[in-house]
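Enquirer: Sequence plus the predicted model coming up.
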Amino acid sequence: MSDYLTEKLTPLADWFSSLGTPEPIVHWGHPLMMAIVIFIMGTFVGIAGWKGRILRETNKEVALQNSSAHRKLAPWLFLFLASGYTGGILSLVMQGQPILESPHFWTGSIVLGLLALNGSISLFGFKTSQPIWRTVHAYLGTIALGLLVVHAFLGLKLGLSI
């Protein structure tokens, strides 16, 4: 499967390579941009979600503000992570590295799956008015953000090894 995907992505990777992007940007651009997304945006989205959940009973106004921020930014976080996922794979192809083999690839795949599931829960599960879905959503999102931290460290290890 890895060879098939590499073969299909090589023309696009070659086109990006033809732009003359300096090697340090090809090598470290994905990690730098994704670190910003994960640690800045991801942290904000996670904290806003938990504040909205925890402050629901004690400070409804602040809870609503945080829930609103979470609802608006979480889809953008997913979009940026999915785009970064694609960019990371293209970066590996551009550098002649194998894809689908590293723990970094697999943790990224799992995170995107968890966040897609979490988004589905918010779209469909919340409409049932069953509070269990909000609890599942909160903890599943927290697990995904925690796995993103592991993913970042695995990515740093991968980046230093190539």
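Expert: Noted; the coordinates are in hand. Computed from a prediction, not measured in an experiment: that's the story for all the values here.
Enquirer: what pLDDT does the residue lying farthest from the centre of the chain get?
Expert: For the chain, the largest distance from the centre (C-alpha atoms, centre = their mean) belongs to Thr58, which lies 31.3 Å off. pLDDT, Thr58: 93.
Enquirer: quick one: secondary structure of it?
Expert: Under DSSP: H, G, I helix; E, B strand; the rest coil, the three-state class of Thr58 is coil.
Enquirer: same question, Glu101
Expert: The local conformation at Glu101, judged by three-state DSSP, is coil.
Enquirer: need the contact list for it.
Expert: Under the criterion of C-beta atoms under 8 Å, 6 or more residues apart in numbering, the contact list for Glu101 reads Ser2. Where you see a C-beta, it was placed from the backbone N, CA and C, and this is true even at glycine.
Enquirer: Roughly how far does it sit from Ile25?
Expert: Applying C-beta to C-beta, to the nearest Å, the value for Glu101 to Ile25 is 23 Å.
Enquirer: Run a quick neighbour tally on Leu115.
Expert: Applying other C-beta atoms under 10 Å, we find 23 residues neighbouring Leu115.
Enquirer: and it, how far is that from His30?
Expert: With C-beta to C-beta as the criterion, Leu115 and His30 are 18 Å apart.
Enquirer: for Ala48, same thing?
Expert: Here Ala48 is placed at a distance of 26 Å from His30 (C-beta to C-beta).
Enquirer: swap in Gly20?
Expert: As judged by C-beta to C-beta, Gly20 and His30 stand 18 Å apart.
Enquirer: Same check on Gln97?
Expert: Going from Gln97 to His30 by C-beta to C-beta gives 12 Å.
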